[in-house]
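**Student:** Build me a model from this:
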Amino acid sequence: MRFIGITGAIGSGKTTLGAILQKQGFLVFDMDDWCRDLYKNDQFLSVIEQNFPYCFKNGVFDKKALRSSVFKNKESLMKLEGITHPYLVLKLKETVEKYRFLQGFCFVQSALLYQMGLEKYFDFVLMLKAPRDVLQKRVMKRDRITKDEFDDIIEKQQSLALFEHKADFVIDTNQNKTVLKNVVMDLIGGIEKC
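**Tutor:** Residues are numbered from 1 along each chain as shown. Predicted coordinates for the structure are as follows:
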């Protein structure tokens, strides 16, 4: 199995590309899904409550309050990442171990692939990008957030540009899905020949 990481800023098209790849029969995992699963785990929520008690109202977790807190406070963000990232790394290692002897390709989407040092687990990394105004339009529509909220998120992800030179392939996703699919399938065809 060849493992390929997919990374890029919020709104860059990771989910769209993942869906295209799944329709082509490839194995695709999304670290955001893994993270969302964490928030369904009572033991994990207990740790969150110990560290972020203000994100619970009458014992009910308020994820929006947590998101607001961590995007406004670097120390809170680092504390949350210290809780979630070890789990995500472990999940990735388990996935690689589980599928490594199979044939084909396995794709894993992660916005923080380089920031978490995950590139060592992949044979190749695809970096997705699009102009900022395109990212903003996509995210505001999809997540129903304000421009200020988008700006807060994208500001935290600015470091992605620093990693672009490390990616094996950079794909501009400011194109329609058919063109994007053709670009990626051509790329996969080239990798198969390696």
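**Student:** got a list of what residue 169 touches?
**Tutor:** By CB atoms under 8 Å, 6 or more residues apart in numbering, the contact set of residue 169 is 124, 125, 126, 127, 187. Glycine gets a C-beta too; all of them are placed from N, C-alpha and C.
**Student:** Would you mind measuring from the fourth one to residue 110?
**Tutor:** Just to be clear, that refers to residue 127. 11 Å (CB to CB, to the nearest Å).
**Student:** now the last one
**Tutor:** Between residue 187 and residue 110 the distance is 18 Å, computed by CB to CB.
**Student:** out of these two, which sits in the busier spot?
**Tutor:** residue 110 (26 against 16; other CB atoms under 10 Å).
**Student:** Who are the contact partners of that one?
**Tutor:** Here residue 110 is in contact with 5, 6, 7, 31, 88, 116, 118 (CB under 8 Å, 6+ apart).
**Student:** at 10 Å what do you get?
**Tutor:** Applying CB atoms under 10 Å, 6 or more residues apart in numbering, we find residue 110 in contact with 5-8, 14, 29-32, 34-35, 88, 92, 116, 118-119, 121-122, 125.
**Student:** Over to residue 90?
**Tutor:** residue 34.
**Student:** What values do phi and psi take at the closest residue to residue 2 other than its chain neighbours?
**Tutor:** Excluding its sequence neighbours, the residue lying closest to residue 2 (CB to CB, 6 or more residues apart in numbering) is residue 123, at 4.7 Å. Main-chain dihedrals, residue 123, degrees, to the nearest 10: phi -80, psi -30.
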